[in-house]
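Student: Quick one, structure for this:
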Amino acid sequence: MDVMRLLFRAAMVAVLLALLAARPVAAEDRDAPAFAPVCHTTTGHDSASRAMKAPPVWICDDQAWRADQPVAWLKFDAASWQGNAPPRYFFSRTARHQGITLTAIDANGAQRSVSYVEADGEPIAAGPVFRLPLPQITADTRMVIARIDLPHSIPLLTEARLARDPENVARTQLEMMILALVLGMLVLPLLFDITFYLVLRERFVLLHALMVTGMMGYVLFAGGLISVFVTVSVAALAVLAPLSWAIGCGAALLFLSAFLEHGALDPRVRRFTFWAGCWTILVPGLFSFQLHATQAFDDLAYFLAISPAALIASFAIIHAIMRGSRSARFVAAAWAPLIAASVERLTRGLGLHTGPSSLDLMMFVATGIEVVVISLAIADRFLALRRERDAALTEAKMLEHISTRDSLTGLMNRRAIEARFDDLLVQGFDTFALVDLDRFKAINDLHGHQVGDAALIACASALRSSGDRDTVAVRLGGEEFVVLLRGLHTLDRAEALRRAIPMRIAKAVPGLDLPVTASMGVVVMAEASRHKITFTEFYARADALMYEAKAAGRNRIAYERLTVFKAAPESRQQAEDRAA
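Tutor: Next comes the predicted model:
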């Protein structure tokens, strides 16, 4: 828990730094200006569009952004960069598209155009953005028109800019460092998940690992951090970012259905949450591929298909909290910032409002908060499960003790010795001594069962031989005991135990008229395990010997050594032939 506490404190410091940097970044905060489009519109693939003529109607405000038409148009006014060095690049958020044509139009009507396909886009290590070189911009240039064929994302249009150096106006170095910090915060919980799973073997740990993996993918691809390390195509970035988020959101619902305690969710709510998680991975995941055949609706379909995840998660968490779930409180604290940031990103993706890409940092910071708090929740659940497991093991051991131990004397009972008898023979316990207290019924009749029980406990204490690993004592029932011995001088040791019984009982149970003696029948059989002699066979022979001892006057031992020949003995003729 100390490691988790340090991780949480480090995360909180990172959150404070990130919140300072996550505000919308104005142009004056950058090293160089970026120029936004002044107007936009959409058209179909008509002849005028093919001829690269200006569309008839422009929308010159932040309303009615659409990515469901075949062609989107952006107009950049040269007045925007008057007094500054002219821009050299077009750049925007990475998103799927078929192609982009950039046209510079001069005051005299002269046009210079350059066309690019999707693969020509160059991702830069300054966020989830790509850039394209502009045609020559001169002092006479009055506007730049950008035609985007088959755009799949509204932010591709709303976040499009012209700049001289896009690396200086996209994300700052501090913002990229925050992304790297968030990624590091995601790696630690993934390592914890692996460690926890080795101990817990719980399904929710794997689901949390899948959720963290999806979030790591989102930070790498949607945050553009991957471009710092390797070059990835615009199409790959545009697909992997929403796919990672769909996997992360879906895995979050699956995790929620498996993580909350038994009884925290109504079974119907738990099943609904599970299937909602499957839906969130599969359906939005399919639309995240943004095939050109689905361009007219895949952007809207993705956001509409993934938006119920936040509502379902919120409902399930509130439902679990109302039912007294401790884990749900952790999840609520972890997911509240993430759900809020997701709603903001959803409305921006649907074009309901516009904002700079720096708003995405709120999502990444919320992701960092989520993984830290959920890791604490898993650690808390781990401790709870371990306590439950320890309690179950203690109860199981107690039940095993009750089922295999004699409740009065604490010795093993007949059930236990019969189950372990073959193993004990293999370990060398080949001397079987059956002990029976002489005239024990008279003790119960004269002094009562309480005194009789005390005598039995004292007898067990005499036979137990505390610390002797070569002696095993068992109470079969009533006044009958068995002692198994191994090693040297087993007969002498068995007799010593028998002689110790009267003295131990006399010391522990004062007031008896006569000493309580014991008769013993002993069977010694070398290599008994090899001959597969059973407990019943040993007992039958020892019982007969014990009754011989009682018949001979009690308070004595009767024994015999059994030998099993490895081969049939030689006949007289064979012996004479061998001697000759």
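Student: residue closest to the middle of the protein?
Tutor: By Cα atoms, centre = their mean, the mean C-alpha position of the chain lies nearest to Val205, the distance being 1.1 Å.
Student: ok, now which ones touch it?
Tutor: Residues near Val205 by Cβ atoms under 8 Å, 6 or more residues apart in numbering: 193, 196-197, 378. The C-beta positions use only the backbone N, C-alpha and C, and glycine is treated the same way.
Student: and which of the residues you listed is nearest Leu300?
Tutor: Asp193 (34.5 Å; Cβ to Cβ).
Student: Would you agree that closest one is in contact with Met211?
Tutor: No - between Asp193 and Met211 there is no contact under Cβ atoms under 8 Å: 9.3 Å.
Student: Spell out which residues make up each domain of the protein.
Tutor: Listed domain ranges for the chain are 2-17+172-393, 36-168, 415-562 (source: automatic domain parsing).
Student: any low-confidence regions in the stretch 151-300 of the chain?
Tutor: For the stretch 151-300 of the chain, the stretches with pLDDT under 70 are 169-173.
Student: Can you tell me which helix or strand of this protein has the lowest average pLDDT?
Tutor: Lowest on mean pLDDT, DSSP states H and E among the helices and strands of the chain sits helix 47-50, with a mean of 44.
Student: Need the phi and psi values for Gln295.
Tutor: phi -60, psi -30 (degrees, to the nearest 10).
Student: Okay, buried residues for the helix or strand containing Gly184 please.
Tutor: Counting by DSSP states H and E, the element that carries Gly184 is helix 173-200. Neighbour-count burial for helix 173-200, with 16 or more other Cβ atoms under 10 Å as criterion, is recorded at 175-176, 178-179, 181-183, 185-186, 188-190, 192-193, 196-197, 200.
Student: so where's the stretch 401-550 of the chain shaky on pLDDT?
Tutor: Checking the stretch 401-550 of the chain against pLDDT under 70 turns up 401-402, 465-467.
Student: Figure out the length between the terminal residues of stretch 125-144.
Tutor: End-to-end distance for stretch 125-144: 25 Å, by Cα to Cα, to the nearest Å.
Student: Could you tell me how far Leu207 is located from Ala85?
Tutor: 52 Å (Cβ to Cβ, to the nearest Å).
Student: More neighbours: the two, which one.
Tutor: Leu207 (22 against 12; other Cβ atoms under 10 Å).
Student: so is that one in a helix, a strand, or just coil?
Tutor: Here Leu207 is recorded as helix under DSSP: H, G, I helix; E, B strand; the rest coil.
Student: Give me the spatial nearest neighbour of it, chain neighbours excluded.
Tutor: Spatial nearest neighbour of Leu207, chain neighbours left out: Phe255 (4.1 Å); criterion: Cβ to Cβ, 6 or more residues apart in numbering.
Student: list the buried ones in the host helix or strand of that neighbour?
Tutor: Per DSSP H and E, Phe255 falls inside helix 234-259. The neighbour-count check on helix 234-259 (16+ other Cβ under 10 Å) flags 234-235, 237-259 as buried.
Student: The stretch 301-450 of the chain: helices as residue ranges?
Tutor: Taking DSSP state H, counting those that start in this stretch as the test, the helices found in the stretch 301-450 of the chain are 308-322, 326-349, 360-404, 414-426, 440-447, 449-464.
Student: What of the stretch 51-200 of the chain?
Tutor: 154-158, 173-200.
Student: Of all those, which one comes closest to Phe303?
Tutor: Each of these has some distance to Phe303 by Cβ to Cβ; the shortest is helix 154-158, at 9.5 Å.
Student: what's the closest one packed up against?
Tutor: The contact analysis (3 or more Cβ pairs under 8 Å, 6 or more residues apart in numbering; DSSP states H and E) places helix 154-158 against strand 89-93, helix 326-349.
Student: ranking those by burial, who's on top?
Tutor: strand 89-93 (a mean of 26; mean count of other Cβ atoms under 10 Å).
Student: Give me the packing partners of that one, helices and strands only.
Tutor: strand 128-133, helix 154-158, strand 161-163.
Student: in its sheet, what does the last one sit against?
Tutor: It stands for strand 161-163. Next to strand 161-163 in the sheet, as set by DSSP bridges, lie strand 34-35 (antiparallel), strand 89-93 (antiparallel).
Student: mean pLDDT lowest for which of the ones you listed?
Tutor: Among the strands paired with strand 161-163, strand 34-35 carries the lowest mean pLDDT, a mean of 90.
Student: ok, and what's touching the next helix-or-strand element following that strand?
Tutor: Once strand 34-35 ends, the next helix or strand along the chain (criterion: DSSP H and E) is strand 39-43. Contact with strand 39-43 is made by 49, 55, 57-60, 65-66, 69-75, 157, as judged by Cβ under 8 Å, 6+ apart.
Student: what sits against Ala528?
Tutor: Ala528 neighbours (Cβ under 8 Å, 6+ apart): 425, 430, 538.
Student: what do you get if the cut-off is 6 Å, keeping everything else the same?
Tutor: Contacts for Ala528 (Cβ atoms under 6 Å, 6 or more residues apart in numbering) come out as 425, 430.
Student: Kindly provide the distance from it to Gly99.
Tutor: Ala528 is 89 Å from Gly99, by Cβ to Cβ.
Student: One more: Val516?
Tutor: Taking Cβ to Cβ, one finds Val516 at 105 Å from Gly99.
Student: which one of these two has more residues nearby?
Tutor: More neighbours surround Val516 than the other of Val516 and Gly99, with 24 against 14 (other Cβ under 10 Å).
Student: Give the helix, strand or coil label for the more buried one.
Tutor: Here Val516 is recorded as coil under three-state DSSP.
Student: Could you save the strands paired with strand 161-163 as TSV and add columns showing distance to Gly127?
Tutor: Converted to TSV, the strands paired with strand 161-163 look like this (distance: least, Cβ to Cβ, whole Å):
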stretch	distance to Gly127
strand 34-35	12
strand 89-93	8
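Student: And these: which comes nearest Phe382?
Tutor: When the strands paired with strand 161-163 are ranked by proximity to Phe382 (Cβ to Cβ), strand 89-93 comes first, at 39.8 Å.
Student: what angle do that closest one and helix 360-404 make?
Tutor: Strand 89-93 and helix 360-404 are oriented at 30 degrees to each other (axes from the mean of the first three to the mean of the last three Cα atoms, to 10 degrees).
Student: Identify the residues contacting strand 89-93?
Tutor: By Cβ under 6 Å, 6+ apart, strand 89-93 touches 102, 128-129, 131-132, 134, 155-156, 159-163, 166.
Student: Over to stretch 326-346?
Tutor: For stretch 326-346, contacts defined as Cβ under 6 Å, 6+ apart pick out 260-261, 303, 307, 310, 317, 320-321, 362-363, 366, 369-370, 373-374, 377, 381.
Student: Kindly recompute the last result at 8 Å.
Tutor: Contacts of stretch 326-346 (Cβ under 8 Å, 6+ apart): 249, 252, 256, 259-261, 264, 303, 306-307, 310, 313-314, 317-318, 320-321, 359-360, 362-363, 365-367, 369-374, 376-377, 380-381, 384.
Student: As PDB, could you dump the C-alpha coordinates of that stretch?
Tutor: This file holds the C-alpha atoms of stretch 326-346, laid out as PDB (Å, rounded to 0.1, in the frame of the first residue of the first chain):
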ATOM      1  CA  ARG A 326     -17.500   0.100  -1.300                       C
ATOM      2  CA  SER A 327     -15.700  -0.600  -4.600                       C
ATOM      3  CA  ALA A 328     -18.300   1.500  -6.500                       C
ATOM      4  CA  ARG A 329     -17.200   4.500  -4.500                       C
ATOM      5  CA  PHE A 330     -13.700   4.100  -5.800                       C
ATOM      6  CA  VAL A 331     -15.000   3.700  -9.300                       C
ATOM      7  CA  ALA A 332     -17.100   6.800  -9.000                       C
ATOM      8  CA  ALA A 333     -14.200   8.900  -7.900                       C
ATOM      9  CA  ALA A 334     -12.000   7.500 -10.700                       C
ATOM     10  CA  TRP A 335     -14.500   7.800 -13.500                       C
ATOM     11  CA  ALA A 336     -16.300  11.100 -12.800                       C
ATOM     12  CA  PRO A 337     -13.500  13.300 -14.400                       C
ATOM     13  CA  LEU A 338     -13.200  10.800 -17.300                       C
ATOM     14  CA  ILE A 339     -16.900  10.800 -18.000                       C
ATOM     15  CA  ALA A 340     -17.000  14.600 -17.900                       C
ATOM     16  CA  ALA A 341     -14.100  14.800 -20.300                       C
ATOM     17  CA  SER A 342     -15.600  12.200 -22.600                       C
ATOM     18  CA  VAL A 343     -18.900  14.200 -22.800                       C
ATOM     19  CA  GLU A 344     -16.900  17.300 -23.800                       C
ATOM     20  CA  ARG A 345     -15.000  15.300 -26.500                       C
ATOM     21  CA  LEU A 346     -18.200  13.700 -27.700                       C
END
